[in-house]
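**Q** Based on what follows, work out the 3D shape:
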Amino acid sequence: MADKIHDLVEFDTVTLGDIRFPETEFCVETLVPAGICILGGAPKVGKSWFALDLCMKVAKGERFWNQRTRQGTTLYLALEDRFKRVQSRLYTITDEMSPNAHVAVQANRLGEGLCQQILSFLKKYPDTVLVVIDTFQIVRGTASDVTYAGDYGEVRQLKEIADAHGLTILLLHHLRKAGDSDPLNRLSGSTGLTGAMDAVYVLDRKRGDSNAVLTCTGRDIEDRKLDLEMDAKNFTWTLLKDSMDEEDHSLPEEVTKLVAYMRGQKVYDGNNTDLTERYNSFASLSLAPKSLKQKMNRYRYELEKLGVFFMDTRSNGQRFIRVEYHEPEREAGGSDASDGSDASVSASETCGTCVPDGEENGQPEVSETVDTIGVEAHQGASVSASENSDASCRSDASGSHADEMDSGWVDEIRSVLDVSPLGCILLPSDSSDAEKSRCAS
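**A** Model prediction:
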């Protein structure tokens, strides 16, 4: 019997533009995103030392090359080693073990039980954030089709697990012997291998040299090159230079002035044109309403970390916007996000979503208040919008009715940055138990 075919889940671009999607999750901030990633390098270049050090840093919540890590359980499949060798390496790189870091030296191949083994581990340790497979070649199917379709299909099995559980799966892989000016083309296999990846890393090191260059590229990370040096004492890679440090990552003047404006205004209710006029008067600028809104959309997550939250609504063909300022919470270290320092709002520890009893025709309904929609980009998920009163989202342009609106949506975003303000994610009624369990937690 053929599988049931669901209707396409689609949005018009106006609705899509107004949805607040969850912020991208990272295992290592700005460097290693959630999803499927691959690290390529010549044999004995230091990939395994890199992977083991990464697992330990993530398990203990320590910074990795000055970047924050998302602390959680890690699984290192050291398939070319024995437990004794892994133990020796652990003694070399750290003097403090972690109960969150797990190691295995044997696993089944893809298509022969590997995915089930990983899923069983995730069921036992649901807080897992990183799985490393060292090396990918060992777990490939015995009859692997070394074509674009074959490579892509194998990787997709692991990517589906990574996406469904919001974790990073890092594959360690070898390079071709023949050189190529494009690092991505140097990975052994077809372009289907790199095409399926969310991030690709290539570690270049001359034999006998302690220095190396890590080239990074991906869907959710900026292209960058890291100059590294192998510490001769503990065999960990030390960061010498990061190409991103040479770039200007400060927020545009228009965004910082919007934060200053809302810090004094506190609440605004009205339309984009009126908001822009008031903002321009305060900031001594001449932005067009479209330009200001594009800046707000592009830097939405940065604005939220600085205390500025906004919600778009539509009614009778007209568009409205509500903007609120809430003083950012101070971090444990005492830094304040409002001053633009190295502070951020922590990622969600729970999904904050719900599961419906059923869904008619498999097609989501979209209300006029598009910011009541919560969307998660995982395979097979359907989306539904919750209803919201126009009166509760809008008042006159002066904001005189600001106190009448429930501001709970702002508190929810502040505490759970990866959940849409007023909505929830609705999974299809035939979703797997694992998906429902994760989203109902």
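
**Q** Just list the residues touching the spatially closest residue to residue 191 that is not a sequence neighbour, thanks.
**A** What sits nearest to residue 191 in space, not counting adjacent residues and going by CB to CB, 6 or more residues apart in numbering, is residue 148, at 6.2 Å. The C-beta positions use only the backbone N, C-alpha and C, and glycine is treated the same way. Contacts for residue 148 (CB atoms under 8 Å, 6 or more residues apart in numbering) come out as 190-192, 195.

**Q** Let's see that with 10 Å instead.
**A** By CB atoms under 10 Å, 6 or more residues apart in numbering, the contact set of residue 148 is 189-193, 195-196.

**Q** Likewise for residue 255?
**A** Residue 255 sits next to 292, 295-296, 298-299, 302-303, 306, 308 when contact means CB under 10 Å, 6+ apart.

**Q** Which positions within the helix ranked longest in the chain qualify as buried?
**A** Longest helix in the chain, counting residues (DSSP state H): helix 148-165. Of the residues in helix 148-165, 150-155, 158-159, 161-165 count as buried by neighbour count, 16 or more other CB atoms under 10 Å.

**Q** Which phi and psi values does residue 268 adopt?
**A** When read as degrees, to the nearest 10, the backbone of residue 268 gives phi -130, psi 140.

**Q** tally of neighbours for residue 297?
**A** 14 (other CB atoms under 10 Å).

**Q** Begin at 15 from now on, thanks
**A** Yep, numbering from 15; the last one is residue 311 now.

**Q** what's next to the helix or strand in which residue 243 is found, contact-wise?
**A** Element membership for residue 243 (DSSP states H and E) is strand 238-244. Residues outside strand 238-244 that contact it (CB under 10 Å, 6+ apart): 44-45, 59-60, 63-64, 79, 197, 215-219, 223-231, 250-261.

**Q** what's the answer for stretch 104-111, then?
**A** So stretch 104-111 is contacted by 63, 66-67, 69-71, 73-74, 76, 101, 112, 115, 117, 245, 247-250 (CB under 10 Å, 6+ apart).

**Q** Repeat the analysis, applying 6 Å as the threshold.
**A** Stretch 104-111 is contacted by residues 67, 70, 248-250 when judged by CB atoms under 6 Å, 6 or more residues apart in numbering.

**Q** Check the model's average confidence along it for me.
**A** Stretch 104-111 comes out with an average pLDDT of 95.

**Q** what about that stretch, start to end distance?
**A** Start-to-end span of stretch 104-111 (CA to CA, to the nearest Å) is 8 Å.

**Q** all helices of the stretch 215-364 of the chain, in order?
**A** Secondary structure of the stretch 215-364 of the chain (DSSP state H, counting those that start in this stretch): helices at 267-279, 286-297, 303-312, 314-319.

**Q** Could I get the buried residue list for the second one?
**A** What it means is helix 286-297. For helix 286-297, a neighbour-count test (16+ other CB under 10 Å) marks 286, 288-290, 292-294, 297 as buried.

**Q** Closest to residue 265 out of these?
**A** Among the buried residues of helix 286-297, residue 297 lies closest to residue 265 (CB to CB), at 13.7 Å.

**Q** Appreciated, that's everything.
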